[in-house]
Every structure is written in C-alpha cells, then in structure tokens.
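Chemist: next comes the sequence, and after it the predicted model I'd like to discuss.
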Amino acid sequence: MPPAKTDQLDLWAESGLDGDVQVMVDFLLPTGIYIQMEVPRESTIQHIKLLLWKEAQTYPLFSLLGEMEGHMFECVNQAAVHEELEDETRRLCDVRPFLPVLKLITRNCGRAERILDSKIGVLIGKGLHELDALQDQQVKDFRSKMKRISEEKMQRMQLMSCGEWLRSCYSTQLGTGSLENLIDKHEGDTASLKVSLHCTVTELMDQALKKWQTTHGPEEDIGTRSDYVLRVSGRFEFLFEDHPLNQCKVRYVVHSLFRINLVKGNKVNAEDAAKIQVRAGLFHGTELLCKTAVSSESSSRSEHVWNKTLEFDIAVCDLPRMARLCFAIYAVMDKVKKQRSTKNTHLNKYQTIPWVNTMVFDYRGQLKTGDIILHCWSSFPDELEEMLNPIGTIQTNPYTENATELHISFPEYSTQPVVFPAFDKVCIYSQYEHNSQMYTYTHKCTHVSFYIELKEIMERDPLSQLCENEKDLIWTLRYDCRENFPQSLPKLLLSVKWSKHEDMAQLQALLQIWPKLSPRDALELLDFNYPDQYVREFAVICLRDMSDDELLQYLLQLVQVLRYEPYYDCALSRFLLERAQSSRKIGHFLFWHLRSEMYMPAVSVHFALILEAYCRGCIPHIEVLKKQVEALNKLKAVSELIKLGTIKTKTKQAHLKEAMMTCLRQTGFIETLSDLQSPLNPNILLAGVHVERCKYMDSKMKPLWIVYNNKLLGGDTVGIIFKNGDDLRQDMLTLQILRLMDLLWKEANLDLRIVPYGCLATGDHSGLIEVVSSADTIANIQKTSSNMAAAAAFNKDALLNWLKDKNSGDALDKAIEEFTLSCAGYCVATYVLGIGDRHSDNIMVRSTGQLFHIDFGHILGNFKSKFGIKRERVPFILTHDFIHVIQQGKTGNTEKFGNFRQYCEEAYLILRKNGNLFITLFALMLTAGLPELTSVKDIQYLKDSLALGKTDEEALKQFRQKFDEALRESWTTKVNWMAHIVAHPS
C-alpha cells in the first residue's frame, strides 16, 4: 500500500516511504498455541506461513501440527466475514484483515475447487460464501445449471488446437480499411512487402516466409505456414481467418379475481401522527393492467397493521407471465403545502416513503402463495405511474436492518400449485382463438385508408404514444404488419391487451412466424416496455446474427437491460455468457461492465452469478483479470494517498508527487502494476510504469496520470488516467454513441475523423480514461500564444499558428482537412446529444489536426446556468478561430467553409435516418442511475434535436437555423472561455 504520513485508522494504509514495513500479527494455532510475531506487510500469505512454521518449531506441540501444506490461514475481512485464504499468492496488505489476526486451520479436501472459489470471489468482488448463504432456490438452480455448462465449456476448450484457442482469445477486429504495405517481423528482423489490397492472410504468410528465406538463404529451415501465426504489430491480436487484408478490422382455468392480503408494515420512517397508506398495482412492463388497490389509513406509532385483502379487477387466468406487483407506502398529508412547481402532482398531497416490487409468478412459472416479507427501497424517482415504480428492480433491499418491511400474503386458489401454461398449450389455445377470429379479421379494416394510416403509425419514433384507436388498428392488422412492416413489432406489442389471455396466446403464436429482425431493430425489444419472455427470447435470436464487433458496440446496453430480467436464468444471460466464453475480448468487457456495478445492491447477486458462471467457463482468464483488479486496487490506494495529503502550496505538492513516485517504485507496486493487459483494451499489453512521467492532475478528484511502456515490440508508451471519485458511466455512454455515429457515417462513406477515446468504469465512482497522444487543450494553445490570460481567448490566430508549428507543406494542408472534418463531426454530435459545459479545457486538438471533445458530465441539453441564466447560449461550439483554421487563414475562402457546412448537413441527415436507434440505446440505459438520464422526458431532447417528427427538408431547415445561430452567437462562447481561462490560469 502507499506511504501515508497521516493518522488514519486503516492499518493497511500506513507505511514508511521505503515500503519495508513490519506488522505485528497474532497467530492462533489449532493446537491452542498463540504466537505473536512481526511479518512484512508486502509478504505473500505463503511466505508468512513459512515464517510462522519456522517460529512454531520453538513452541510446544509443534509435532501435532503435521504437514504445513495441510493448513491454511483464516481471517476476518473488512466486511466482518470469516475468509479462508486459499489463494496464498496474495499479499497480506492486499488481503487487508480487519485486525492483524490470522488463525491457522486444517484444509479440507477438494483444495483445487476451494482455491478456484476463492479466486473467483476475490475477482468478482463478492465472496461465493455469500451466494452459498442465500436461501434462494432460484440462485441455487442457476448456479448449478451454469456450473454444469461451464465445465462442459472448459472440457471443449482443453480439446482445442493452438490456433483455435488463439482465435477465441485474440482474434483481430474486422473492419473496412485497406493496407498498402505490411512489415514482416521475425525475431527482430524487418522487411517490407508490397501486396495487393485483396491479398489474403494465407497469401501474405506465404510471401513473408518466402521473403525471409530469400534474405537468409534456403539452407535455413523455417518450417511451414502452419508453424506460424500473424500478429498485428504492437498489439496482442492475431489474423486467422482467410479474409482479404483490407477487411481485417395451466392457469387459464382460474377465473377468480387476483388478490393479496396486506398484513402489516414495520420500520416505516414517518412522523408519529402520520396516516400511512399502501398503494398496489399490477403491471406488465409500464402498462397498468387494472385499477390500483389502496389500503385503509393506519396511524400507529410503531407497527402499522392492516390485515386487509386487496382485490384487483383482473382474473388470475388473465395474468401475464411477467406480471409484477408494485407497492408504494406513503403518508397522507393533512395540510397540502403550496409549491411553485412539481414534476408530480401526487407529491403535493402524499409524502412517499418506500417502494418495492415483486413478481406474481416465481421463476418456475408457479403463482406465488404464502407469506412474504418485502424489504423496501427508500430512493424514489421523480416521475411515477400512479405513484408506483414499475421499472424499478424486483429484488428486495438486501440491507434489511434499516429497510421498511412490508408483510403480505398470497392466497391459495387450489390445493395444487397454479402454474402458467407451457408454451405448447399456449400454441394450441392460440390456434383455437385464431380460427374463431379469422372471419372477423378478414372482414374488418380492409379499406385502403387503414393501410395508409398504418404506414404512418409505423414510421413514428419509439417515443411516440399510441392512442387506443391506433392500437386497435395495429392489432386488427397484425398479419399485415408481419408481411409489410416486420420492424413494427414493438408497436404491435404495445397494442396487445396483456390483461386478456386470448390476445397473449395469439401474440406468442404469431412470434413463431414473425420474420427475424436486424440486430439493431431487435435491441428495442429488450426495453422495459417488453417484458414478455417469448418476446425477449425472440430478440436474443435476432441478436445472434451480430458479429463480435457489433456485439461489443452494444454491450453496454445489453448489460444494463439485465436489470429488466426478473429471473436469473434468461435467454439474454445465456446469450451473453455464450458469446463471452467464445471471445476473450467480449468476456473482458462483459466482466468489467458487470463488476463495475457490483456495489449496487439491486443487481449485485444477479451480476455475481453471471460473473461466477463466466469465470468457471474461462478459468485461464481468471489470472489475467485478477491481475487487472489488483493493479486497480493499487492505483486506488495511490489516489487515496494523494487526496488525503493534497495541500495547495507548491512545496507540499512537490513533496506529495515525490511520495507518489516513491510509492510506485515499491516492490509490491512494481510487481502488481507490471505485465498486465490494459482494462481499456485487452489487446494492449502494459509492460511497466514509466514512473518519472507519472503525475497527479490538479482537478477536484486528483486523477492519476499513469504512463506505461507497451509490452509488445514496436509499441509506443501508453497513457492512462485513473479517476477515483468520478462516475464515468455517463462519459462511457457518450463515447459509445460517438463511436456509433462514427460507424454510421463511415457506412455512408463519410469519415469525419472522430476520436472516441477509451473510457471504462471499473467500480463505484472509479475508472480509467485513455490518454490521446500528441494532443493539447484549446485553452493551453491559446494561453501559450498570449501574455495575458484575459486576451488569450480572443486570439483567433493561436490555433492556426499552433498547427503550423506542428506541420508544414502538405502535412499542414492535411492537418487543416483533418480539423475541418473532425470539427464538422463534433459540431453535429454535440448538438444532437446536447453536450454542455463546453469550455476551452474540454476541447482538444491533436498535432495531426483532429479536434475532439472530452469530459461529458452534461448531456441531453442539461447546460450549466448561473443565477438562473444559461452560461451556454449556442447549440454547439463553432468559434471564429475554428472558422479561421477551416478557411486556412483566408477570410474570403468561402469554398472551404461551404465544404465544412456541407459536411455538417450530410452528417446530420445520416444521424436522422438512425434516430430510432439512438432513442433505443438511451432508453435501454434508463435504470442505470445516470444523473441526467432518469426518465423518458430526458430522451425527448434527442427527438427534438433530430427533428424526428418532421420531413428531411423541415429538419434540414431547423439544423441550418441552429448552425447560423451557433455562428452568430459565437462571441458569447469566447466570453465564457475568457472567464474560464482567468478562473483557471494554471
């Protein structure tokens, strides 16, 4: 751990600057002997056990201990849980016992399995003993099933050839770029080969071997092509497939109304005299299936007892399989306080306290019966349906000690369990319903006007609401939708009456003959509006057509929508595990997307189960990932040191930087931080930290600037920023959308030179950001060209002169073209996404001319304001110094500016064509907990900026108006930049 000169209580965060620190540890032996001795903090558990064994020889009863390998240590960890230290390669300072007490215990049989369990527990951030302790049959069944599948996967992996194994772990990305020449590297030798753009991998290897033999002579045996693999220089990627190089990149019988018994509520955090009520609603997705039920008022001071039956106006036979029961507990206000405004009129009269949701059917499809205690959640969204939170988690609050308890009871409708009918029975029933309805269907709504109306409805964006008449029309013409508008399936699903089992049966049968959707269209079916099991299974079937690269593009959303899955064993979980265990790169990012949210109680069990299943199916990957987790823990320790000792004086800051470097030079840090795959990109191998070039940055959370040497021959240094205290998930989402925009533009033959740098959240308010090489901020460029901070922002020549210093001749022309294209791309992207807080330290330029934006803390039109006045008055940043560069410093160069404007308009229209996709991706992130993406209203900004309800002509007119406004009001941007530079001179 890092050196810290503070009086902090954490024993494992204290050390001297030399890193050679001894800790007094109490050892408890199974013979009843107690030994106290000093051991090095940085020692491994294995080494400490060896030291103890030597010391124990001088104590009585040593002979009774037996073999050293038959014992292991046990401690109480930071979570106050007994932890057996099976993995003895861990260092004591990384184990971090709650107290320096280690108990020696006898190993049980099955050591290999116990070591594996221990490693998986440390890796995923949740001990498997916690999962073992859960009295949840669903958890047990899922783990048992996944363990069996993972063992089968490992057996298949052991039978793989070397090539097959490399292909699954390190296959290269397929793209559309072309290569004009390649360099063959063989044990340090280099040679240039000119090859055709359509040369295949096999042909290249043959030519490379031929060239090498020509150079070194035929007498040297170099083997055959099968003895070699082709690796991408500087990366741990291999070319395998023979692609051309330019491509390498029973319930229906229960008619009784559904009811529950509301028993009582405990630990309701309300005023003593408050009148407490409970509201309950049945939902399918966000659709309320029937009128909500409300309890009587209770004004007890402690335990609120109702013992009342809440009946719902829906028959048990009409309950959909994925129906959920949502509760809200609230206090009725005697006096309504007048408020200027509120997002929810209910909140004027009622004070909401906790909420909780639960499924009506269990994971086996059985209608729930008996008593159940629900532990509620206290956080409450602003906008609700009937004061309920249907898109909230169906998991109960695991922090049971302080959580409000709601005691309910599900009645028994028969002596036998009531089970949702199996799929084959649903299909038989739907065939009967289909035959009985065919006459009605063929004689209704056949007029051409209905088809015109249907076409208009199908062209609407996903946020558009459907009225009841439109839903009836879509349902009536559902077979026409299948034939002519298969991509309209989401709107058909919204038109189904989910409170009628006849319609549900018809829909599920129709899905069996519905044409497969494109993966991009199928993503919408994973939204919270579509909870039906068969719909989501259909969506996953469509997703199977995704390539690995395409799956990686949308993996962030696919992980988030696991929150909408009520049961652990679902098609989406199985799909993600299957693809992750087949591709090391997908597995890498699936691991980090899941592990980074393990601190969230609503998903920790579900995500832990998937992580455990992945690790058991990819055991060789465990050590690789474990190395990354340990490295991040070390960086977090350094970050805590910096934040703890940060002082403003330069002398103190210099001392702190020296302490940071001393820390990074410690043996434990060097070993942990060296020779690992980059979490940002597993194809980059990080050899070791370049300590002299490391620093901490002068912003609020003191991010660490870490410079690595690239492990592979010919690789440059790699810069990584480690942030501790900032939530990077919103940046991750924005950068993902920028990558998607770049892809869509390139698919339309428009390359706008976007720089979607790497960004990865790795834990609770922590993560990594890729450093873009050879780049500087607009603010720094302006400040270096002016002696006065106030005048720097108004120097329009500064940026062009900086590019001239970095480039000359044809290179300068190329840099200006790069600037023009990238500026057009980011103008459109920042406008569409509503990215705010665009000061001169958040916009950077590479020496090659590429402009790019960083730091996306404000999106979807959430612009900063002061005293009620918006700081940013322009739709996007387009200052006169940008125009000065685009026009090559010539004020009358209208041709260059005209080209720039054309790039912007073309880019905007391309994004409009894919507007539904952007809305879908943001909608899938609604429950992620991002600060500026909490409701559908936030996504409305995208609909407005893309003008999705308008024609292309109308939309283009709107964009041109925004373009002119950005240009006309650019002086306000310069004033803001001046204020920023004055406020942040260093």
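Modeler: Perfect, I can see it now. A quick note: this is a predicted structure, and the numbers were derived from the prediction, not measured.
Chemist: longest helix anywhere in this structure?
Modeler: helix 619-645 (DSSP state H).
Chemist: other SSEs contacting the next helix or strand after it?
Modeler: Remark: after helix 619-645, the chain's next helix or strand is helix 650-664, criterion DSSP states H and E. Other helices and strands packing on helix 650-664, by 3 or more CB pairs under 8 Å, 6 or more residues apart in numbering; DSSP states H and E, are helix 619-645, helix 667-673, strand 695-696. From N, CA and C alone the C-beta is placed, and that goes for glycine too.
Chemist: which one of the ones you listed lies closest to L917?
Modeler: helix 619-645 (31.3 Å; CB to CB).
Chemist: next, the angle helix 650-664 makes with that closest one.
Modeler: Angle of helix 619-645 versus helix 650-664, following axes from the mean of the first three to the mean of the last three CA atoms, to 10 degrees, is 160 degrees.
Chemist: excluding its backbone neighbours, what's nearest I720?
Modeler: The shortest distance from I720 to any non-neighbouring residue, by CB to CB, 6 or more residues apart in numbering, is to I706 (4.9 Å).
Chemist: name the SS class of the one you found, please.
Modeler: Following DSSP: H, G, I helix; E, B strand; the rest coil, we place I706 in the strand state.
Chemist: distance of it relative to Q653?
Modeler: 18 Å (CB to CB, to the nearest Å).
Chemist: of the two, which one has the most company?
Modeler: Comparing I706 with Q653 by other CB atoms under 10 Å, the one with more neighbours is I706, at 25 against 16.
Chemist: so that one is in contact with V689, correct?
Modeler: Yes: assessed by CB atoms under 8 Å, I706 is found in contact with V689 at 6.2 Å.
Chemist: need the contact list for D855.
Modeler: Contact analysis of D855 by CB atoms under 8 Å, 6 or more residues apart in numbering lists D731, D837, N842.
Chemist: pLDDT at it, what is it?
Modeler: You'll see D855 listed with a pLDDT of 93.
Chemist: any figure for the gap between N842 and H853?
Modeler: In this structure, N842 lies at 6 Å from H853, with CB to CB as the measure.
Chemist: to clarify, my last question referred to E692.
Modeler: 30 Å.
Chemist: okay, the two: which has more neighbours?
Modeler: With neighbours defined as other CB under 10 Å, E692 and H853 compare such that H853 has more, 20 against 9.
Chemist: and that one, bridged to which residues?
Modeler: Beta-bridge pairing for H853 (DSSP bridges): I843.
Chemist: same thing with T358?
Modeler: Beta-bridge partners for T358, by DSSP bridges, are L325.
Chemist: wait, it sits on L325?
Modeler: Yes: if you go by CB under 8 Å, T358 and L325 touch, sitting 5.4 Å apart.
Chemist: compare the two (neighbour count), which wins?
Modeler: Higher neighbour count among T358 and L325: L325, with 25 against 20, using other CB under 10 Å.
Chemist: quick one on the thing from earlier: reformat the helices and strands packed on helix 650-664 as JSON lines; add distance to K957 and mean pLDDT.
Modeler: Below are these laid out as JSON lines (distance: least, CB to CB, whole Å; pLDDT from 0 to 100):
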{"stretch": "helix 619-645", "distance to K957": "49", "mean pLDDT": "91"}
{"stretch": "helix 667-673", "distance to K957": "55", "mean pLDDT": "91"}
{"stretch": "strand 695-696", "distance to K957": "49", "mean pLDDT": "92"}
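Chemist: nearest to E932, of those?
Modeler: Among the helices and strands packed on helix 650-664, helix 619-645 comes nearest to E932, with 25.2 Å by CB to CB.
Chemist: from the chain's centroid, how far away is the closest one?
Modeler: 19 Å (CA atoms, centre = their mean, to the nearest Å).
Chemist: list the buried residues of it.
Modeler: Going by neighbour count (16 or more other CB atoms under 10 Å), the buried part of helix 619-645 is 619, 621-622, 624-632, 634-642, 645.
Chemist: the bottom helix or strand of the chain by mean pLDDT?
Modeler: Taking mean pLDDT, DSSP states H and E as the measure, the helix or strand of the chain with the lowest value is strand 181-186, at a mean of 46.
Chemist: could you report the neighbour count for F918?
Modeler: 25.
Chemist: contact partners for it?
Modeler: I737, L740, V832, L911, L942, L946.
Chemist: and the residues you listed, which is closest to T58?
Modeler: Distance ranking of these against T58, using CB to CB, places I737 first at 65.9 Å.
Chemist: residues of the host helix or strand of the closest one that come out buried?
Modeler: Using DSSP H and E, I737 sits within helix 729-747. By 16+ other CB under 10 Å, the buried positions in helix 729-747 come out as 729-738, 740-746.
Chemist: repeat that for stretch 700-710.
Modeler: Of all the residues in stretch 700-710, those buried under the rule 16+ other CB under 10 Å are M701, K702, P703, L704, I706, V707, Y708, N710.
Chemist: dump the residues you listed to a markdown table, plus distance to V268.
Modeler: Formatted as a markdown table, these follow (distance: CB to CB, whole Å):
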| residue | distance to V268 |
| --- | --- |
| M701 | 37 |
| K702 | 42 |
| P703 | 42 |
| L704 | 45 |
| I706 | 49 |
| V707 | 54 |
| Y708 | 53 |
| N710 | 58 |
